[in-house]
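Novice: Here is the input, now give the coordinates:
(2 chains)
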Amino acid sequence: MTSTTADILLLAFGSFSILIALTVLGEVLRARQPADMPNPVLETYMTRVQSWWGMVAFVGIALLTGKVGVMILFAFVSFAALREFLTLTAKTQADHIALALAFFVVLPLQYVFVGMGWTGLFAIFIPVYAFLLLPIVSALRGNANRFLVRVAETQWALMITVFCVSHVPALMTLDLPDYSERAVLLIAFLVMVVQLGDLLEYFFGRRIGRTKIAPGLSPKTWEGVACGVTCAMIIGGLLSWITPFAPLGAMAMAGAASLVGMFGSIVFAAIKRDRGVKDWSHLIPGQGGFVDQLDSVIFAAPIFYHLTRYFYT
Amino acid sequence: MSYLRQFAARITGQAIRIFARAITAVRADWQGIEPVPRQRVYFANHTSNADMPMIWSCLPPALRRDVRPVAAADYWLKNKLRAFVGPEVFNCVLIDRRPEVDDKPMDKILAALDEGSSLIIFPEGNRNMTDDPLLPFKAGLYNMGRARPDVDLVPTWVANLTSIMPKGEVIPLPLICTVTFGAPIHVQDGESKDDFLRRAADALAALAPQVRA
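Specialist: Model prediction:
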């Protein structure tokens, strides 16, 4: 067993012990609840914990299988997220071919480019080539009605769900001195600090939150975000042994990723509010859709990728 | 031989269901009823040939076994493959639409109801290619509601299929399809045909998801 595999297993066991604690807590509360009146908050919590079990298992298995497994997992995540996003965007029949190209050509190619480590190409493929070529395909069908809205929303969907998401597996392709074969652990670091930061932001926001950041849009508070980011930094510092960063560097990286992620999820709340939906979809029980679950990771990934690339390669 | 065909029909049915799930993540939203085995007529909007397989795919197995879509014979008997899929996989009640043949469609529908089957019907009669949410309903729904008043008539809205597979396109888009089941309605005493059909159409149109795009 390589040291990378050992570290992944260690992280997986750590995550499993947290989940066991959360599951036991929920079951104890459930047992104390009178049988004839189930508590909806508790039932939602238990559904969420169950979904978390699934996610930890999937990510753990993907990380253990290495590069190919991670690529396939995130390509699938992109597909599910793009499907949720494009279900809610403006489109007409004139966009049909452009949208089919987005699903069946742009998305797979982006992951091929990431997998091959063609950094120059995957960084511009969607912002340049898809950006310029897909509107041409739509325009050729000759329907100008709300054209700018249609092409802009399609491009936004691709940028968020394919371009940004693909920066998570792209972390494996970074050329970090003395770290390359352990790069898969950077993914575990990013996902863990961002998601745990979110969880603690929610917890502290509920407890001590007073000042809403964007009233009418999101329940997030400045107090909750400050506590969440601080916790993410502490967790990042504690996890610095799996990263190429020194402890202080790991704290700074975790803080940056967590902060961007939290504001990212306010952006997603604004999009959902605009479209009049509560969740992006129903695919993850108790959590809504893939985009609901990953909104903060989606925003954090490109920033985290480029900060790492800038300071550590 | 017939066992083999039954087996093939079940495999094909599973394959259609898995395909619908994988491509459109089709989901049932039980707003007005519970997914319990009761005799029902699901009446749905019709925009695409995939409407019926979508409703069929998102029903739980116990309900799917007892449901029979009412469909056009000229479509489902066109070739050997369709003649296998329509009658044997979906267990369709086939109606001959040719004007020169008096097929007595209502007799076939009532016979299926009397066997205990639930039905899926498209009361618009044809695919809706207009921008209106629904075409005017045909009288069939009213007639079965009158003839079998105990059966629940369940409005069933299939969302998004026009974007997933617009007419004339070849590649389906993997967008999310939602099938919403509303509260059942019945023909009331003394209610006229037009009043009932209008009420049924309103109940169905009210289920369309309100997404601002």
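Novice: name the helices or strands packed onto the helix or strand hosting B:T156?
Specialist: Using DSSP states H and E, B:T156 sits in strand B:152-159. Counting by 3 or more Cβ pairs under 8 Å, 6 or more residues apart in numbering or on different chains; DSSP states H and E, the packing neighbours recorded for strand B:152-159 are strand B:40-44, helix B:51-58, helix B:140-147, strand B:178-181, helix B:193-205. (Glycine included, C-beta is placed from N, CA and C.)
Novice: What is the burial count for the closest residue to A:F122 other than its chain neighbours?
Specialist: Leaving out its chain neighbours, the residue that sits closest to A:F122 by Cβ to Cβ, 6 or more residues apart in numbering or on different chains is A:F113, at 3.9 Å. Applying the criterion other Cβ atoms under 10 Å in any protein chain shown, we find 21 residues in the vicinity of A:F113.
Novice: ok, back up a step: so which of the helices and strands packed on strand B:152-159 has the densest surroundings on average?
Specialist: Greatest average neighbour count among the helices and strands packed on strand B:152-159 goes to strand B:40-44 (a mean of 25), per mean count of other Cβ atoms under 10 Å in any protein chain shown.
Novice: now what about the lengthiest helix in chain B, what contacts it?
Specialist: When chain B is scanned for its longest helix (criterion: DSSP state H), the result is helix B:2-24. When contacts are defined by Cβ atoms under 8 Å, 6 or more residues apart in numbering or on different chains, helix B:2-24 is touched by residues B:26, B:50, B:53-54, B:56-58, B:84-85, B:88-90, B:160, B:164, B:172, B:174-177.
Novice: Also near chain A: which of those, exactly?
Specialist: Restricting these to those near chain A by Cβ under 8 Å from any Cβ of the partner chain leaves B:N160, B:P174, B:L175, B:I176.
Novice: Read off the pLDDT value for the closest residue in space to A:T211 that isn't next to it in sequence.
Specialist: Spatially, and ignoring its direct neighbours in sequence, A:T211 is nearest to A:W222 (4.8 Å; Cβ to Cβ, 6+ apart). Per-residue confidence (pLDDT) for A:W222: 94.
Novice: likewise B:V211?
Specialist: 57.
Novice: B:M1 now?
Specialist: 56.
Novice: Just give me the residue closest to the centre of chain B.
Specialist: Nearest to the mean C-alpha position of chain B, by Cα atoms, centre = their mean, lies B:I120 at 3.5 Å.
Novice: Wait, a strand at that residue?
Specialist: Yes - the assignment for B:I120 (DSSP: H, G, I helix; E, B strand; the rest coil) places it in a strand.
Novice: how much space between it and A:L63?
Specialist: B:I120 is 45 Å from A:L63, where distance means Cβ to Cβ, to the nearest Å.
Novice: same question, A:V162
Specialist: 21 Å.
Novice: What lies in contact with the lowest-mean-pLDDT helix or strand in chain B?
Specialist: The weakest-scoring helix or strand in chain B, judged by mean pLDDT, DSSP states H and E, is helix B:161-164 (a mean of 83). Applying Cβ under 8 Å, 6+ apart, the external contacts of helix B:161-164 come out as A:K91, B:T24, B:T47, B:S48, B:A50, B:D51, B:M54, B:P172, B:L173, B:P174, B:L175, B:C177.
Novice: Just give me the closest of those to B:Y142.
Specialist: Closest approach between the contacts of helix B:161-164 and B:Y142, by Cβ to Cβ: B:D51, at 21.0 Å.
Novice: dump the residue contacts of the residue nearest to that closest one when sequence neighbours are not counted.
Specialist: Nearest in space to B:D51, with sequence neighbours left out and distances taken as Cβ to Cβ, 6+ apart, is B:V158 at 5.0 Å. By Cβ under 8 Å, 6+ apart, the contact list for B:V158 reads B:A44, B:N45, B:T47, B:D51, B:M54, B:I55, B:C177, B:T178, B:V179.
Novice: what's the answer for B:R40, then?
Specialist: B:I33, B:S118, B:L119, B:V151, B:D152, B:L153, B:V154, B:P184.
Novice: Tell me the most packed of these, by neighbour count.
Specialist: B:L153 (25 neighbours).
Novice: Would you pull up how far the helix or strand hosting A:V165 lies from the middle of the chain?
Specialist: In this structure, A:V165 sits in helix A:165-170 according to DSSP H and E. Offset of helix A:165-170 from its chain centre (Cα atoms, centre = their mean, to the nearest Å): 10 Å.
Novice: for the helices and strands packed on strand B:152-159, which one sits closest to B:D103?
Specialist: B:D103 sits nearest to helix B:140-147 of all the helices and strands packed on strand B:152-159, at 12.6 Å, using Cβ to Cβ.
Novice: how about the helix or strand A:F76 falls within: buried residues?
Specialist: Using DSSP H and E, A:F76 maps to helix A:67-88. Residues of helix A:67-88 classed as buried: A:67, A:69-71, A:73-75, A:77-88 (neighbour count, 16 or more other Cβ atoms under 10 Å in any protein chain shown).
Novice: How about stretch B:101-119?
Specialist: Quick answer for stretch B:101-119 (16+ other Cβ under 10 Å): B:P105, B:I109, B:A112, B:L113, B:S117, B:S118, B:L119.
Novice: For the fourth one, report the pLDDT, please.
Specialist: We note a pLDDT of 90 for B:L113 in this prediction.
Novice: Now do the phi/psi pair for the nearest residue to it once chain neighbours are set aside.
Specialist: Once flanking residues are discounted, B:L113 sits nearest to B:R148: 5.2 Å by Cβ to Cβ, 6+ apart. Here is the backbone geometry of B:R148 (degrees, to the nearest 10): phi -130, psi 80.
Novice: Kindly provide the distance from B:R148 to B:H186.
Specialist: According to Cβ to Cβ, B:R148 stands 10 Å off from B:H186.
Novice: what stretches of the stretch 151-300 of chain A score poorly on pLDDT?
Specialist: Applying pLDDT under 70 to the stretch 151-300 of chain A picks out residues A:286.
Novice: tell me which parts of it are close to chain B?
Specialist: A:D274, A:R275, A:G276, A:V277, A:S281, A:H282, A:L283.
Novice: can you redo those as CSV with neighbour count and distance to A:V151?
Specialist: As requested, these are exported to CSV (neighbours: other Cβ atoms under 10 Å in any protein chain shown; distance: Cβ to Cβ, whole Å):
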residue, neighbour count, distance to A:V151
A:D274, 10, 18
A:R275, 16, 18
A:G276, 12, 22
A:V277, 19, 22
A:S281, 22, 23
A:H282, 16, 28
A:L283, 20, 27
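Novice: Test my guess that A:F299 contacts A:G261.
Specialist: Yes - in terms of Cβ atoms under 8 Å, A:F299 counts as a neighbour of A:G261; the distance is 5.3 Å.
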